[in-house]
Every structure is written in C-alpha cells, then in structure tokens.
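Participant: one predicted model, sequence on top.
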Amino acid sequence: MASDIVLLAAVSVLSACQQAYFANLVGKSRLKHKVMPPAVTGHPEFDRTFRAQQNCIEFYAVFLVDLWAAGCFFNQELASLFGLVYIYGRHLYFYGYIQSVKGRLKGFSVSKLALILLLVMSLLGITNSILDKYIHLNLLTKIRHIVLG
Amino acid sequence: MASDIVLLAAVSVLSACQQAYFANLVGKSRLKHKVMPPAVTGHPEFDRTFRAQQNCIEFYAVFLVDLWAAGCFFNQELASLFGLVYIYGRHLYFYGYIQSVKGRLKGFSVSKLALILLLVMSLLGITNSILDKYIHLNLLTKIRHIVLG
Amino acid sequence: MASDIVLLAAVSVLSACQQAYFANLVGKSRLKHKVMPPAVTGHPEFDRTFRAQQNCIEFYAVFLVDLWAAGCFFNQELASLFGLVYIYGRHLYFYGYIQSVKGRLKGFSVSKLALILLLVMSLLGITNSILDKYIHLNLLTKIRHIVLG
C-alpha cells in the first residue's frame, strides 16, 4: 500500500516544511521590526507577514484533506502535481503579501485554482467509490475501459 | 481498502468545503465593513465573524483526528454520522456568532458533543486494537459475537 | 493494516486531547481576566496564554504530517515515541509561556527537536519508498539485512 501514497506523503511533508519555514520567517520579521511576542501587530511589514502566515495555516488542513482525497480516490500522480502547484501558489502569496497587500492576489489565485482542481478530483473519486460500494457501479473503471479500448 | 474509508473521506471533504466557505464569508464581511487586510478587527460584526472562523480552524485538525480514529478503529458509518453532526454544529455556531456573542453557544454545544462522542469511539477502538496487537485480545469482536449470538 | 498504524492513531488522539485542553484553558483564562470574546487581548497573562495556544495550533498539522509520514515510511514505534516527546514539549511550552515570555523557550526547543527528528525519519522513509517504487531499490531493507546479518 505504501507505494500508493508515497507521492502524497512526499508532497505533504514538503508543504509541512513550507509551513515551518513561513513560521520561521515570521520569527525573523519579529526581530527585524522589534515586535516581541505575544504581540502580533506593531509594524506594517510584520503585520502583513504574520497575516500571510495565518492565512496559509487557515487553509492548510483544507489543502491536506483535498490532496489526500483526490490522490486516494482519483489519481495519486495528478493530485501530487496539483499539490505542488498549491505549494508554489502559497510561495508566491507569502512573498507577495510581505511586499504589499495587493501583492498577495496572484499567489492566492494560483493556490485557489489548485485547491479547486483537487476538490473536483476528490468529489469525482469519492462519488465513484460510493456508487461502487453501494450499487456496484464503477464509472471511472468503465470510462478507462472505453478510453483505452 | 478504499471502501473502508470512503465515507470518512466524504465527510472530511464536506467539512473542508465548509472551512473554505467560512473563509469566504470572512472575506465578504471585510468588504461589507471595510476592514482591509492585514487588519483583523474594526467592526463588531466583522470581529465576531472572524473569531467564529478562527475558532472553527482551531478545532478542525482535532475534529479530523477524532473522526478518522473513530472511523478506522471503531465504526466508519457511526463516525461519519457524528462527523455530519459536528459540521451541522459548526454551521449553527458560525451563523449564531455572527448574530451575537451569545448566539455561538448552542452550535458550540452541538459540535462539542459530536467531538466527545467521536473521542469516546476513538479511545474504545484504539484500546481494543492495542490489546489485540500486543496480547491478542479482541474485545470488540467478542462483544459483537455475544450480541449477535 | 490497523495494527500498523494504531500507535500513530493513539498518539494523534492524545495530541488532539491536548489541543482541546489548551483551548479549554484559554477559555478559563478569559473568565479569570475578564477578556470577553471576540476580543483576543486585554491582560498580559491572557495574551500569553492565547498566543501559546495559537502557536500550538500553527504547528499542529505540521506535527501530524511528520508523525504519520515517519511512522508509515520509517518506523511506527520510533515515530510514536518522538510524537510523545513533541506532546511533552508542547506541555512545557504552554505552561512556560503562561508564566513568562521567556518561559516558552525550553518547551519550544523540545518540541522543535522532536519535529526535526520526525522530519528526518520522514525524508529517509519516503526517499527509500520512492527509490523502491521507481527503480526497485529498497535501501532500508538492505541495511536491515546487513545489520541483522
């Protein structure tokens, strides 16, 4: 079974490293702008950096759920690819937000698109699996047979 | 294996959609009350909406852990059902909190009850599984045999 | 399969209880210092308690990802042990932070160390599993054979 989820695990660990990296950058921004904990405001650039990290956290569990549902019930390789796109989008978002409030928009769109694609894959895969379980109708396998002849 | 977890995955994806929906409503509340990012306060209704979303995020990973532990080690169908109750509780909580600070209490109680039930199922199922693994004693199977004759 | 993940599930549920317990202590600190929701500041001790909980939440999904990746792809027992160390570190962190801002540092170091060890195990295990999947080279099994003769 391990090989069926190893790419999902790899993307998850990569995204976890990204989250830890963002937390680290917030810590550095604290020192730079002298915003000592437990304060979470104090300088415009720090405020944006902190808010960027918080937004990434807000969506992180949502991302993981969609990634794994898409990967387990639709296609692991495709889900992992969109997972990488999401991570890239969050990278753009974070650094863009540090620069300016408007700077966050491009990265947010990229990560939102990746999330929507993962969600669509999740819904298709789960619906198929439920139909298969309860009325023994596996549409994805049928489609694959038709497409591949 | 997929059929053993498909309901848990379905409930998880539904709850992920709910989280994304709440984030979206916070964005709309920002526009309505002109609270521009990175600010997270500025108008009483926005403050409540934002805090409601934050509280849902705080408990989201806890919910997912309890849901999956209860579903994998006790009973998938029952865990999924309580998962739906949790989501319903969070719905009441979020909209109640937008109305007033007191308005959050009913929904919070519903989601707390669902969480406690999932936790109890998790603890029973995991304890049983550990006893089974290390001293080959499967109590749940024995009880099932007695109940079902 | 259940027995291969039961310890990971047990540690996850324990950590979920810890998260819920911290949330409960924030609620009690609200009453003690009369900081009514949706406010999240108002008294130095409450501010530290709230920030301690928030930091635990920020790292919680990261911890779960590393715990499960380390446990599924490297070694369940070792991953669970470091998971317990992480939980202990967070306990020290939370109570230390309530006392003083400096008081958080020791617990943070303990939980950070546990997280790094889980990450290293994840990376080794996942790399091994990817090599095994795509070029049929299982280094961990080979090392085990050499070590155990």
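Facilitator: Good, I have the coordinates.

Participant: give me every residue that touches the nearest residue to residue A:73 once chain neighbours are set aside.
Facilitator: Computed as C-beta to C-beta, 6 or more residues apart in numbering or on different chains, the closest residue to residue A:73 that is not its neighbour in sequence is residue A:125, at 2.8 Å. Placement of C-beta: from N, CA and C, glycine included. Listed by C-beta atoms under 8 Å, 6 or more residues apart in numbering or on different chains, the contact set of residue A:125 reads A:69-70, A:72-75, A:140.

Participant: most neighbours out of these, which is it?
Facilitator: Using other C-beta atoms under 10 Å in any protein chain shown as the neighbour criterion, residue A:70 leads these with 29 neighbours.

Participant: among the contacts of residue A:125, which are in helices?
Facilitator: Among these, DSSP state H puts A:69-70, A:72-73, A:140 in helices.

Participant: now the two most distant members of those.
Facilitator: Spatial extent of these (C-beta to C-beta) is set by the pair A:69 and A:140 at 14.2 Å.

Participant: so the residue lying closest to residue A:130 once chain neighbours are set aside: helix, strand or coil?
Facilitator: Distance criterion C-beta to C-beta, 6+ apart; nearest residue to residue A:130, sequence neighbours excluded, is residue B:6 at 5.7 Å. Here residue B:6 is recorded as helix under DSSP: H, G, I helix; E, B strand; the rest coil.

Participant: for residue B:6, give me its contacts.
Facilitator: A:73, A:126, A:129-130, A:133.

Participant: skipping its backbone neighbours, what lies nearest the residue nearest in space to the middle of chain A in space?
Facilitator: By C-alpha atoms, centre = their mean, chain A has its centre lying nearest to residue A:63, at 3.8 Å. Among residues not flanking residue A:63 along the chain, residue A:86 sits closest, at 5.8 Å (C-beta to C-beta, 6+ apart).

Participant: one more: residue A:138?
Facilitator: Nearest to residue A:138 is residue A:132, by C-beta to C-beta, 6+ apart, at 4.4 Å.

Participant: before we move on, what about residue A:26?
Facilitator: Closest to residue A:26 by C-beta to C-beta, 6+ apart is residue A:53, at 5.0 Å.

Participant: phi first, then psi, for the residue in chain A that chain C sits nearest to.
Facilitator: Nearest residue of chain A to chain C: residue A:38, at 3.4 Å (C-beta to the nearest C-beta). Main-chain torsions, residue A:38, degrees, to the nearest 10: phi -90, psi 10.

Participant: ok, it - contacts?
Facilitator: C:47-48, C:50-52, C:97, C:101.

Participant: give me the element the residue nearest to residue A:73 is part of.
Facilitator: Element membership for residue A:125, per DSSP states H and E: helix A:104-135.

Participant: now swap in residue A:41 and tell me
Facilitator: Using DSSP H and E, no helix or strand contains residue A:41.

Participant: OK, contacts around the nearest residue to it once chain neighbours are set aside?
Facilitator: With C-beta to C-beta, 6+ apart as the criterion, residue A:41 has its nearest non-adjacent residue at 5.3 Å, and that residue is residue A:47. Applying C-beta under 8 Å, 6+ apart to residue A:47 gives the contacts A:41, B:38-39.

Participant: and the host helix or strand of residue A:47, how far out from the chain's middle?
Facilitator: Assessed by DSSP H and E, residue A:47 sits inside helix A:44-73. Helix A:44-73 has its C-alpha centroid displaced from the chain centroid by 6 Å (C-alpha atoms, centre = their mean, to the nearest Å).

Participant: just to check, residue A:42 is in contact with residue A:34?
Facilitator: Yes: using C-beta atoms under 8 Å, residue A:42 makes contact with residue A:34 at a distance of 7.4 Å.

Participant: number of residues surrounding the nearest residue to residue A:80 once chain neighbours are set aside?
Facilitator: Using C-beta to C-beta, 6+ apart and skipping residues adjacent in sequence, the residue nearest residue A:80 is residue A:7, 4.1 Å away. Residue crowding around residue A:7 was assessed by other C-beta under 10 Å; the count is 22.

Participant: and residue A:7, how far from residue C:69?
Facilitator: 12 Å (C-beta to C-beta, to the nearest Å).

Participant: go on, residue A:40?
Facilitator: From residue A:40 to residue C:69 the distance is 30 Å (C-beta to C-beta).

Participant: now residue A:111
Facilitator: Residue A:111 is 22 Å from residue C:69, by C-beta to C-beta.

Participant: over to residue A:41?
Facilitator: According to C-beta to C-beta, residue A:41 and residue C:69 sit 35 Å apart.

Participant: and for residue A:119?
Facilitator: Distance from residue A:119 to residue C:69, by C-beta to C-beta: 23 Å.

Participant: near chain C, which residues of chain A show up?
Facilitator: With C-beta under 8 Å from any C-beta of the partner chain as the criterion, chain A meets chain C at residues A:1-3, A:5-7, A:9-10, A:12-13, A:15-17, A:19-20, A:23, A:36-40, A:53, A:57, A:60-61, A:64.

Participant: now which of these would you call buried?
Facilitator: For those, a burial check counting by 16 or more other C-beta atoms under 10 Å in any protein chain shown picks out A:5-7, A:9-10, A:12-13, A:15-17, A:19-20, A:23, A:38, A:40, A:53, A:57, A:60-61, A:64.

Participant: tell me who's in contact with residue A:72.
Facilitator: A:4-5, A:8, A:125, B:2, B:5, B:9.

Participant: rank those by pLDDT and give me only the lowest.
Facilitator: Minimum pLDDT for the contacts of residue A:72 is recorded at residue B:2 (70).

Participant: hmm, it is touching residue A:71, no?
Facilitator: No: applying C-beta under 8 Å, one finds residue B:2 not in contact with residue A:71, separated by 11.4 Å.

Participant: follow-up on the earlier one: does the residue nearest to residue A:63 belong to a helix or a strand, and which?
Facilitator: Taking DSSP H and E as the criterion, residue A:86 maps to helix A:76-99.

Participant: and the angle from that helix to helix A:44-73?
Facilitator: Taking axes from the mean of the first three to the mean of the last three C-alpha atoms, to 10 degrees, one finds that helix A:76-99 is oriented at 170 degrees with respect to helix A:44-73.

Participant: tell me the buried residues in helix A:76-99?
Facilitator: A:76, A:79-80, A:82-83, A:85-87, A:89-94, A:96-98.

Participant: please save the CA atoms from it in PDB.
Facilitator: Extracted in PDB, the C-alpha atoms of helix A:76-99 (Å, rounded to 0.1, in the frame of the first residue of the first chain):
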ATOM      1  CA  GLN A  76      -2.100  10.000  -7.000                       C
ATOM      2  CA  GLU A  77       0.200  11.400  -9.600                       C
ATOM      3  CA  LEU A  78      -2.200  14.100 -10.700                       C
ATOM      4  CA  ALA A  79      -3.100  15.100  -7.200                       C
ATOM      5  CA  SER A  80       0.500  15.300  -6.200                       C
ATOM      6  CA  LEU A  81       1.200  17.600  -9.200                       C
ATOM      7  CA  PHE A  82      -1.600  20.000  -8.200                       C
ATOM      8  CA  GLY A  83      -0.300  19.700  -4.700                       C
ATOM      9  CA  LEU A  84       3.000  21.100  -5.900                       C
ATOM     10  CA  VAL A  85       1.100  23.900  -7.800                       C
ATOM     11  CA  TYR A  86      -0.600  24.800  -4.500                       C
ATOM     12  CA  ILE A  87       2.700  25.000  -2.600                       C
ATOM     13  CA  TYR A  88       4.100  27.200  -5.400                       C
ATOM     14  CA  GLY A  89       1.000  29.400  -5.200                       C
ATOM     15  CA  ARG A  90       1.400  29.700  -1.400                       C
ATOM     16  CA  HIS A  91       5.100  30.700  -2.000                       C
ATOM     17  CA  LEU A  92       4.000  33.500  -4.400                       C
ATOM     18  CA  TYR A  93       1.300  34.500  -1.900                       C
ATOM     19  CA  PHE A  94       3.600  34.700   1.100                       C
ATOM     20  CA  TYR A  95       6.400  36.700  -0.600                       C
ATOM     21  CA  GLY A  96       3.900  38.900  -2.500                       C
ATOM     22  CA  TYR A  97       2.000  39.700   0.800                       C
ATOM     23  CA  ILE A  98       5.300  40.700   2.500                       C
ATOM     24  CA  GLN A  99       5.800  43.300  -0.300                       C
END
